Structure formats: structure tokens, C-alpha cells
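Student: Pasting the sequence and the predicted coordinates here, then a few questions.
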Amino acid sequence: MGVAVCDQQADKAPNAPALLLESEAGRIDTYTFQDIRLLSNKFANLLTHHGLQPGDRLAILLSQNVETAAAHVAAWKAGLISIPMFTLFGEDALEYRFENSQAKGIITDKANLEKVMAVRNKTGTPDKIFVTDSTSQGNGIVDIWKALENTSDQFPPLDTLANDPGLIIYTSGTTGNPKGALHAHRTLIGHMPGIEFPHEFFPKQNDLFWTPADWAWIGGLMNILMGAWFHGVPVLAHRMKKFDPAEALAVMAKHKVRNTFIPPTALNIVRQAGLTKELRELNLRTVAVAGEPMGAELLDWGREAMGVTFNEFYGQTECNLVAANCAQVMEIKPGSMGKSIPGHQVEIIASDGSPAANGEVGEIAVKAPDPVMFLEYWKNPEATKNKFRDDWLLTGDQGYKDADGYLWFVGRDDDVITSAGYRIGPSEIEDCLRRHPAVELAAVIGVPDPVRTEVIKAFITTKDGINPDTTLEEEIRNLVKTRLSPHEYPRLIEFVDELPLTVTGKVRRKTLKEQETAREKL
């Protein structure tokens, strides 16, 4: 993958722009494909010099910047397995992922160093810490840019095979802890039809990609950054601390962005902002949406206000970009995720494992083998086995197919929460909530929200002698924000006397959802 997204492009057009990096101060730094090749070679030499060997895991805890991109390319060239991690993760989230993956090294920045060190001091993992903007030395910390000054920019890439592992991306953790989806180097090729199709036969002349999605997620890293680089198309790096509609439009207009991936929640925020003048200044060719269903209202608004048809696509961390719309060649049915993308077979499977009839609701499944399909859940053979039925990868999503072959999403048969484009598992949040000294039990579900699709609601029973109040609510919210991530905190909290449990003591989230639905009808 490292050669395909970088060196091959540098051989063809070494001075072609690969990355436009806009700093918070507004300065623009442009990196060519040759720049990325030489920088990633230096990174690879630095990592191997410090003992990382093929098959070792390298965590990358950075946002949208040149070090993030170069680190992934370097890892793949050196035969390492890169692990993108979200900078908003707290210590608990990082600790689980470090321990599960047994990451040997991490590349991060000064802003995230304190929590990384706290986890390393507790668990001993990861051993090597590479920091992009710190002069700290010793204690296993390496100042990257200082070390790179005397590092060679020549590195012979390891000759990897299609099924050699290259990437672990952690799932949301819908049942139990998050699982590490291990992907092979072939996943890059597997992604390409799913990038080319919803982006209207990408690439075309003057295409330029940007997304507000963080590169820690498969949608930002593979759908945008690496997918664009495979075709030699430049990518704009501009990560907002919080999605701001005016800033997003200004960035796209300023740089003449032609292609973007934006979750429907973000587009709804833009629509509600009423930025008519700013919308007219855009130069977009394609807009792809995913992460949550897009309705007819948003689709119609996009055509009128932005002059483009939003193409919805579908996939998941384990098997990404397998169904999509492409307005150039097919009718767009509002609410449908489109059809199977060429090269993939997506079907609806009935409860007995047989193909469902048209219009019959069943589980959305993808036929194996498939080039974008994950190899396994890292160190979790039982979960890997349960993900498949015969030759079908089971997505855990319910849907149906109409007579024209369009796929329609109905809902999930697990407890994943879709909020503002994020897929969030409740178990990790519940575990965090129970760490508060006042909390006895906790259960988390998603409840409908007109802007975010769903918001997180926590049901909590407190320990004896605790009288819950607004102060306790804020303490609980802040606990999740700091220990896990700001996008996972419960916006709604209800203190209850007891939680509905199964005979084995598990929380019945389905019952809580049914109770919430009944309240809505009152």
C-alpha cells in the first residue's frame, strides 16, 4: 500500500501536489508526492532503527497532518501494521487498544503525550514513543524531527503480498470491548471501486479531496486520503476541533475543493445555518455521504443549494465501501444506500441463511472472498467466526432489497448508536460510567435526534445514600469526555431505581429502547 499510494505517484509526477496542509494560523504548506516519498522513507528508517520489525504494530495518534500520512506510508513500506487512533480518546480507550494490539510503538504529538505516558507507566505499552513536536528525550521518547535530521531518505520497501496484514482499525465495540479489524494490503485495491463510483468516476481533472472526518477512522484514512493518493489526486488537510458550517464552507471555497465526504448530520448543520452566499461560492463536483441514513429532504436541498446530488454509500470497518449510489449512471432513490458496487456482492440474508425475497427484511451480508474484507478480528477467533455464515460476512444491519436491486437500510440488530456520523458502541461507555464512585449500574442507548440522528442517553442507578442532581450529571458527562472521548458522552442522563435485566444479569437495552419509543408516542 505504501508504494501504491506514494512511490508510484512520485515516479510518475514527483512535483505533483499530494497534501495541502492548512495550519490554524491559515498558513498553507504544500507537500509533493516526492516529499512524501522521502519523508516516509526517513520515518521507515527511524522506526526500524529503533527496533520495530515486520508484523509489529505501530499506533498513530495524530490528526490530519503530514506526519500522520507519512507514518502510515512508512509503516506499510516497513511491513509494520499501522493502527490509527483518535486524538480525543482518553486514557481508558487508549489503554484497551494498546494492550489488545500490544503496539510496540506510537507516533503522537505533545498535546497527547501526557495520556500516552500515563498508560505506558501503568501497562508498559507501548515501548517506543515518537513525538512530533517535543524536545523531550529519554524514557523511551524520541523527538521525531530532531532524529530525522540525520536519517537517510532512502528505504527499500518490503515486498508484501496481497494478504499480508497492514492495518488494524478498531470497531465501535457494540457488544463488549472494541474489536481490532485486521486488514490486508489488498484492502486499498478493494476500496477503489467504492471511491470511484460514488464520486462520479473519480478521478477527473482538477479533483481535490477534503473531509471533516478524522483520519483515525476508515472513512477518513482509506476513503479519502489513501484513495485519492492511489490516483495521484491531492488532499487538503484541515481538521476542525468542532464542525463549524461556516468554516467548512470557507475552507472548501478557498481551496476550490472538488470532492468531499461529509456525514449527513454535518450537512444538516450546514443546511440549518442558512449560509446561502457561502454555498454559491463552492466549486464541488461530488459529495458522498455515509454513516447514517440520508432522507429525501437533504437530498433535494443538496441539489438546489449546492448544485450536486449527494451519493450515499455503505460499508463498515470490517468490509468498507461495498454499496453506493452514482447519480451519473443510476436513478437516486431517496433513502436507499444504492446498489452493490462493481466488484462486490451485497445481498439480504434471511434468518435461516437463505437469500431473502425482494422486499423481505433480513440481514445485510457481503459475499466472501472480497478484496476489501478484513482478515480477522485481532486475537479474537471466536468473534471472527461469528462474523461469518458460510461464505457471507454478516454486517449486523437489517435491510431489504427492492425489485430494482436497490438496498435499503432498516436498522441494526445490535445496539450500535449512530450519532453525528460516529458509530458508537454502548459497552465501552457503560464501563466508563461505572467507574464513577456514585454509579451502581449503567446502560446506554441511542435516542432519536433531528440533527445528530441519535444522541446518547444513559440510564443510571446510584449507590445507596447518593441523591442524584445536576452536579452529579455534569461529573458523569465530564468523566466520559475525559476518559473516553467527547463524542461519546451521554447528552441525556436519567437516574432510575433499577434497570431491566435478563436472567443472566445483562441489561436489556431493547426494553429501554421500547420504553423510550412509548414515551415519544405519549
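Tutor: Looks like it came in fine.
Student: For the nearest residue to residue 281 once chain neighbours are set aside, give me its contacts.
Tutor: Excluding the flanking residues, the one nearest residue 281 by CB to CB, 6 or more residues apart in numbering is residue 253, at 4.2 Å. In this view, the C-beta of every residue, glycine as well, is placed from N, C-alpha and C. Taking CB atoms under 8 Å, 6 or more residues apart in numbering as the criterion, residue 253 is in contact with 278, 281, 282, 283.
Student: State the helix or strand in which residue 253 lies.
Tutor: Assessed by DSSP states H and E, residue 253 sits inside helix 245-254.
Student: any idea of the pLDDT on the residue nearest to residue 281?
Tutor: With respect to pLDDT, residue 253 scores 96.
Student: Look up how far residue 279 lies from it.
Tutor: 9 Å (CB to CB, to the nearest Å).
Student: Would you mind measuring from the residue nearest to residue 281 to residue 280?
Tutor: Applying CB to CB to residue 253 and residue 280 gives a distance of 9 Å.
Student: Just give me the neighbour total for residue 381.
Tutor: 9 (other CB atoms under 10 Å).
Student: how about the residue most central in space within the chain, what does it touch?
Tutor: Centroid-nearest residue in the chain, with CA atoms, centre = their mean: residue 217, separated by 2.2 Å. For residue 217, the contacting residues are 84, 86, 169, by CB under 8 Å, 6+ apart.
Student: do residue 63 as well
Tutor: 87, 214, 215, 216, 239.
Student: Swap in 6 Å and give it another go.
Tutor: Residue 63 makes contact with 87, 239 under the criterion CB atoms under 6 Å, 6 or more residues apart in numbering.
Student: So which residue of the protein lies furthest out from the middle?
Tutor: Distance from the centre of the chain peaks at residue 465, with 41.2 Å (CA atoms, centre = their mean).
Student: what about that residue, which SS state?
Tutor: Of the three states, residue 465 takes coil under DSSP: H, G, I helix; E, B strand; the rest coil.
Student: Low-confidence regions, the chain specifically.
Tutor: Low-confidence regions of the chain, defined here as pLDDT under 70, cover residues 24, 134-138, 173-176, 502-506.
Student: the domain parsing of it - what is it?
Tutor: With domains defined by automatic domain parsing, the chain comprises 1-160, 417-521.
Student: Out of the contacts of residue 253, name the ones that lie in helices.
Tutor: Residues from the contacts of residue 253 lying in helices, with DSSP state H as the criterion: residue 278.
Student: Quick check: the farthest pair among the contacts of residue 253?
Tutor: The widest separation within the contacts of residue 253, taken as CB to CB, falls between 278 and 283 and amounts to 12.3 Å.
Student: These two: which is more packed in?
Tutor: Taking neighbours as other CB under 10 Å, residue 278 and residue 283 compare with residue 278 leading, 17 against 13.
Student: Mind listing what's buried along the helix ranked longest in the chain?
Tutor: Looking across the chain with DSSP H, the single longest helix is helix 33-49. The neighbour-count check on helix 33-49 (16 or more other CB atoms under 10 Å) flags 33-48 as buried.
Student: quick one: contacts of that helix?
Tutor: Residues outside helix 33-49 that contact it (CB under 6 Å, 6+ apart): 6-7, 9-10, 14, 16, 18, 70-71, 73-74, 77-78, 147-148, 151-155.
Student: sorry, back to before: would you reformat the contacts of residue 217 as CSV and include neighbour count, distance to residue 205 and secondary structure?
Tutor: Shown next, in CSV, are these (neighbours: other CB atoms under 10 Å; distance: CB to CB, whole Å; DSSP: H, G, I helix; E, B strand; the rest coil):
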residue, neighbour count, distance to residue 205, secondary structure
84, 23, 30, strand
86, 19, 34, coil
169, 24, 32, strand
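Student: residues near residue 322, how many?
Tutor: Residue 322, neighbours per other CB under 10 Å, totals 28.
Student: Not counting sequence-adjacent ones, nearest residue to residue 178?
Tutor: Sequence neighbours aside, residue 170 is the residue nearest to residue 178 in space, at 4.4 Å (criterion: CB to CB, 6+ apart).
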